[in-house]
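Undergrad: Pasting the sequence and the predicted model now:
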Amino acid sequence: QQQVKQSPQSLIVQKGGISIINCAYENTAFDYFPWYQQFPGKGPALLIAIRPDVSEKKEGRFTISFNKSAKQFSLHIMDSQPGDSATYFCAAGGGSWGKLQFGAGTQVVVTP
Amino acid sequence: DTEVTQTPKHLVMGMTNKKSLKCEQHMGHRAMYWYKQKAKKPPELMFVYSYEKLSINESVPSRFSPECPNSSLLNLHLHALQPEDSALYLCASSPPGLAGNTGELFFGEGSRLTVL
């Protein structure tokens, strides 16, 4: 049973555009929602994360929006650049031991 | 130093071989993880060590044997693997937080394993 559902599976956006990736979760015990960025041949890297006490977090061109009542969160990449082309994974976790549930991933391609 | 270092980067082994993957971090993290990642899939948790003790084993076959010699090192011993075990094996670590570990995972670049 997939505990975190991520969409879309892939996304093509023009340089300067906005990339939006959505995730939904079921388990209300989740209290940590990170996004990871993975380039081909590399390990995932933590991009930005949010906890449910805030509805939005922004770091540079990356913003997480969080809707606790709908159990949804999303990543917005503003002014998308070709260097942002990567696979993005949302995740959700709870409890003490950092066991994260990952979404299926979204492959983002930013065209010049 | 904010790196998780994994060796080797690439490994090819036969089904009767014994090999090991190694992982090292010097960030003072007290939780270390092994993940398996197939192409175009998310990482799948295999093992978690917390304060050098095995805390989670996600029903991984015994042909994979983890070891945590100290708080900075994590090994994954491989024996009698199958071709379907070919994947990217990722090590990660997590800093301690107020309520145990924070869940902030710092991944290494992975060891690409091919089983012939």
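TA: Sure thing, it's come through.

Undergrad: Tell me the residues of chain A that contact chain B?
TA: A:32, A:34, A:36, A:41-46, A:49, A:87, A:89, A:93, A:95-100, A:102-105, A:107 (CB under 8 Å from any CB of the partner chain). C-beta coordinates here come from the backbone N, C-alpha and C atoms, glycine included.

Undergrad: So which of those residues sit within strands?
TA: Assigned to strands by DSSP state E, the following of the residues of chain A next to chain B qualify: A:34, A:36, A:45-46, A:49, A:87, A:89, A:93, A:100, A:102, A:107.

Undergrad: Bridge partners for the residue positioned nearest the centre of chain B, pull those for me.
TA: Among the residues of chain B, the one closest to the centroid is B:W34, at 2.6 Å (CA atoms, centre = their mean). For B:W34, the beta-bridge assignment (DSSP bridges) gives partners B:F47, B:C91.

Undergrad: Repeat that for B:E67.
TA: Note on B:E67: beta-bridge partners by DSSP bridges are B:N75.

Undergrad: Can you find the helix or strand of the chain with the lowest average pLDDT?
TA: Assuming you mean chain A. strand A:100-102 (a mean of 89; mean pLDDT, DSSP states H and E).

Undergrad: Actually, chain B is the one I wanted.
TA: Lowest mean confidence among the helices and strands of chain B (mean pLDDT, DSSP H and E): strand B:100-101, at a mean of 52.

Undergrad: which residues touch A:V109?
TA: Residues near A:V109 by CB atoms under 8 Å, 6 or more residues apart in numbering or on different chains: A:10-13, A:85.

Undergrad: I meant B:K19, not that one.
TA: Contacts for B:K19 (CB under 8 Å, 6+ apart) come out as B:11, B:13, B:77-78.

Undergrad: from the residues you listed, which ones fall inside strands?
TA: Counting by DSSP E, these contribute B:11, B:13, B:77-78 to strands.

Undergrad: Closest one of these to chain A?
TA: B:L11 (14.8 Å; CB to the nearest CB).

Undergrad: which stretches of chain A have low pLDDT?
TA: Applying pLDDT under 70 to chain A flags residues A:1, A:95-98.

Undergrad: So which bits of chain B are right by chain A?
TA: Residues of chain B lying near chain A (CB under 8 Å from any CB): B:4, B:31, B:33, B:40-43, B:45, B:48, B:50, B:55-56, B:90, B:92, B:94, B:99-110.

Undergrad: Which of these fall within helices?
TA: In helices, judged by DSSP state H, none of the residues of chain B next to chain A are found.

Undergrad: Now the buried members of these.
TA: Neighbour counting with 16 or more other CB atoms under 10 Å in any protein chain shown marks B:4, B:31, B:33, B:42-43, B:45, B:48, B:50, B:56, B:90, B:92, B:94, B:100-110 as buried within the residues of chain B next to chain A.

Undergrad: Show me what B:Q25 is bridged to.
TA: Note on B:Q25: beta-bridge partners by DSSP bridges are B:V4.

Undergrad: whoops, A:Y25 was the one
TA: Under the criterion used (DSSP bridges), A:Y25 bridges to A:V4.

Undergrad: residues touching it, list them.
TA: By CB under 8 Å, 6+ apart, the contact set of A:Y25 is A:3-5, A:33, A:71-73, A:92, A:101.

Undergrad: Appreciated, that's everything.
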